[in-house]
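In: I would like the atomic coordinates for the input below:
(chains A and B)
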Protein chains: 2
Amino acid sequence: MIERLCIIGVGLIGGSLARALRDAGACREVVGAGRNAGNLQTAVELGVIDRYHKGQLADEVVLTDVGSAKGSVIEAAQRAFGSVPEFFVPGHPIAGTEQSGVEASFPGLYNDRRVILTPLPVTSAAATGRVRDMWEAAGAQVVSMNPVHHDAVLAATSHLPHLLAYSLVDTLARLDDNDEVFEYAAGGFRDFTRIASSDPVMWRDVCLANSDAILLMVDHYIKDLQALREAIRNHDGQQLLDVFSAAKAARDRFIDKSSE
Amino acid sequence: MIERLCIIGVGLIGGSLARALRDAGACREVVGAGRNAGNLQTAVELGVIDRYHKGQLADEVVLTDVGSAKGSVIEAAQRAFGSVPEFFVPGHPIAGTEQSGVEASFPGLYNDRRVILTPLPVTSAAATGRVRDMWEAAGAQVVSMNPVHHDAVLAATSHLPHLLAYSLVDTLARLDDNDEVFEYAAGGFRDFTRIASSDPVMWRDVCLANSDAILLMVDHYIKDLQALREAIRNHDGQQLLDVFSAAKAARDRFIDKSSE
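Out: Predicted coordinates for the structure are as follows:
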């Protein structure tokens, strides 16, 4: 049981965690903290938190976070505390929607989702255990990973796709006949670009926080895309078919494992 | 009323049209034609077509197609008939799923979807009218467009996104730790890459059929993506925020108009 859960930043992610732990009866009190008093008041009214407070870390605190890049958070903790505190367990729930804000939070967000923890050698095993228990109470499956590896994997599966989707919608929006272009977009386009409706501020921050890993992946991707471009230019149907078939097979295998 | 509807190629698209027109009571008989007798037999068993036949155009035929590129189809008709016949109405339903085959066909596929017809000056107005009536009976909204313009618009909203999705999944599948990479992909990735589960043969053909328009869009896209890459490298948060915000605004506006 968590005696007091403090959510710093009560939006989609923090709000959904609070709702899930309340539903699971896994915490006695939820206190919110954040920069925007109006938002915290909304969270109280929605029953997501009990009250809010300027906040100050208790002596026996366990601290975790939900950022999509872990290296930069660990650096920030080092700057803030002088060294990375043993009670800090860097974490990242692989869950979200293109919505944001506490109004969009819901208790089922973490059901059967992965949460990656990236504890360091200095991190207390007890703190890691408490954070693991918390996420499991919220319905998630918890795994541990090296922070550098986490940042590389997430650059590939999340940060790069967001960048590509934003870039595509922006490219199309700047075409002369952009209204008409969007008018003839079908369902595939809607799915493909859904992540371009995500919070621009958060994704700017992710791109800056994980820039090295993202740059590696972007360069890799542009190189592969240029090879496809050459295949189209050379009318090399076999090359196109090989790439498209390999991609379909990989995705279908991935879906079999995860179920759509 | 259509006395005899002949569907050449009874898969997702042709099968769904036959089902929709049957449900609407808009045709008396549906005859299938195609290269694969086994598939045609399945279509008979599913009740999608009444019978199938090697096929031969009747004297008073109206001919249309459903290809995602129109310039190449018009060229093919010209080669096959000597000149583009006045009874040929090039068409393209903006509808589909990542599935293919007659088993995946369903009558509601065209409900409230756009169908673009690209008649030429030689095309008979009566033929165009019959094709328009047919698609409207299947639930679609029919618009007309110049074939060159059609191919440019579809390169932007459909062909380029498919290429990007295939390319991304292929890039990730060729990473050393590709199994693990897919394991940590979240819902956003699943939506983003759904179109990479589309039929590779069809998309190879689309890329070859509409190569000029696609190359223009790919080059445009790579240039914009490289600018974003530079913004990340230079830690230019304002540039990232501008692009992401413009993209989100454009997509949200597009969804408002079309409803998700």
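In: can you tell if the one helix or strand in chain A whose mean pLDDT sits lowest touches chain B?
Out: Sorting the helices and strands of chain A by mean pLDDT, DSSP states H and E puts helix A:178-183 at the bottom, at a mean of 82. Yes. Applying Cβ under 8 Å from any Cβ of the partner chain, one finds helix A:178-183 touching chain B at A:Asn178, A:Glu180, A:Val181, A:Phe182, A:Glu183. Where you see a C-beta, it was placed from the backbone N, CA and C, and this is true even at glycine.
In: ok now that helix, how far from the chain's centre?
Out: Counting by Cα atoms, centre = their mean, to the nearest Å, helix A:178-183 is centred 30 Å from the centre of its parent chain.
In: again, but for stretch A:92-105
Out: So, by Cα atoms, centre = their mean, the centroid of stretch A:92-105 is 8 Å from its chain's centroid.
In: hang on, the earlier thing: past the least confident helix or strand of chain A, which element shows up next along the chain?
Out: helix A:187-193 (DSSP states H and E).
In: off-centre distance for that following helix?
Out: The answer for helix A:187-193 is 20 Å, by Cα atoms, centre = their mean.
In: which strands and helices lie in contact with the helix or strand just after it?
Out: Using DSSP H and E, the helix or strand that follows helix A:187-193 towards the C-terminus is helix A:200-209. Helix A:200-209 sits against helix A:71-81, helix A:160-173, helix B:237-258, with contacts defined as 3 or more Cβ pairs under 8 Å, 6 or more residues apart in numbering or on different chains; DSSP states H and E.
In: return the residues in contact with the residue of the stretch 1-150 of chain A found nearest chain B.
Out: As assessed by Cβ to the nearest Cβ, chain B sits closest to A:Ile94 within the stretch 1-150 of chain A, at 4.6 Å. Counting by Cβ atoms under 8 Å, 6 or more residues apart in numbering or on different chains, A:Ile94 makes contact with A:Arg113, A:Arg114, A:Val115, A:Ile116, A:Ser158, B:Tyr184, B:Ala185, B:Ala186.
In: swap in A:Ala213?
Out: Counted by Cβ under 8 Å, 6+ apart, A:Ala213 has contacts A:Ala69, A:Asp151, A:Ala152, A:Leu154, A:Ala155, A:His159.
In: take the residues you listed and keep only those in helices.
Out: Among those, the members falling in helices (DSSP state H) are A:Asp151, A:Ala152, A:Leu154.
In: ok, and the most crowded of the residues you listed?
Out: Among the ones in helices among the contacts of A:Ala213, the one with the most neighbours (other Cβ atoms under 10 Å in any protein chain shown) is A:Leu154, at 27 neighbours.
In: what about the nearest residue to that residue once chain neighbours are set aside, neighbour count?
Out: Setting aside the residues directly before and after it, A:Leu154 is nearest to A:Ser68 in space (Cβ to Cβ, 6 or more residues apart in numbering or on different chains), at 6.0 Å. Using other Cβ under 10 Å, A:Ser68 has 24 other residues around it.
In: angles on the backbone of A:Ser68, please.
Out: Dihedral angles of A:Ser68 (phi, psi; degrees, to the nearest 10) stand at phi -80, psi -10.
In: what pLDDT is listed against it?
Out: Looking at A:Ser68, its pLDDT stands at 93.
In: swap in A:Gly96?
Out: So A:Gly96 comes in at 83 (pLDDT).
In: dump the residue contacts of it.
Out: So A:Gly96 contacts A:Leu12, A:Ile13, A:Leu109, A:Ser198, B:Ala186, B:Gly187, B:Gly188 (Cβ under 8 Å, 6+ apart).
In: what's the spacing between it and B:Phe88?
Out: Separation of A:Gly96 from B:Phe88 (Cβ to Cβ, to the nearest Å): 49 Å.
In: I'd say A:Ile255 and B:Arg190 touch.
Out: Yes. At 7.3 Å, A:Ile255 counts as touching B:Arg190 under the criterion of Cβ atoms under 8 Å.
In: for the nearest residue to A:Pro107 once chain neighbours are set aside, give me its contacts.
Out: Residue nearest to A:Pro107 in three dimensions, not counting chain neighbours: A:Arg19, with 3.9 Å by Cβ to Cβ, 6+ apart. With contacts defined as Cβ under 8 Å, 6+ apart, A:Arg19 is in contact with A:Val48, A:Ser105, A:Phe106, A:Pro107.
In: apply 10 Å and report the result again.
Out: A:30, A:46-49, A:102, A:105-110, A:138 (Cβ atoms under 10 Å, 6 or more residues apart in numbering or on different chains).
In: and it, that's in a helix?
Out: Yes. A:Arg19 forms part of a helix when assessed by DSSP: H, G, I helix; E, B strand; the rest coil.
In: find me the pLDDT at it, would you?
Out: Reported pLDDT for A:Arg19: 96.
In: give the PyMOL command for selecting the buried subset of the residues of helix A:178-183 next to chain B.
Out: Selection of buried members from these for PyMOL, criterion 16 or more other Cβ atoms under 10 Å in any protein chain shown:
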select buried, chain A and resi 178+181+182+183
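In: tell me which of the residues of helix A:178-183 next to chain B is nearest to B:Tyr221?
Out: A:Val181 (13.2 Å; Cβ to Cβ).
In: the closest residue to A:Ser100 other than its chain neighbours: what's it in contact with?
Out: In this structure, A:Ser100 finds its nearest non-sequential neighbour in A:Asp199, 4.4 Å apart by Cβ to Cβ, 6+ apart. Listed by Cβ under 10 Å, 6+ apart, the contact partners of A:Asp199 are A:Gly11, A:Leu12, A:Gly96, A:Glu98, A:Gln99, A:Ser100, A:Gly101, A:Asp205, A:Val206, B:Phe244, B:Ser245, B:Lys248.
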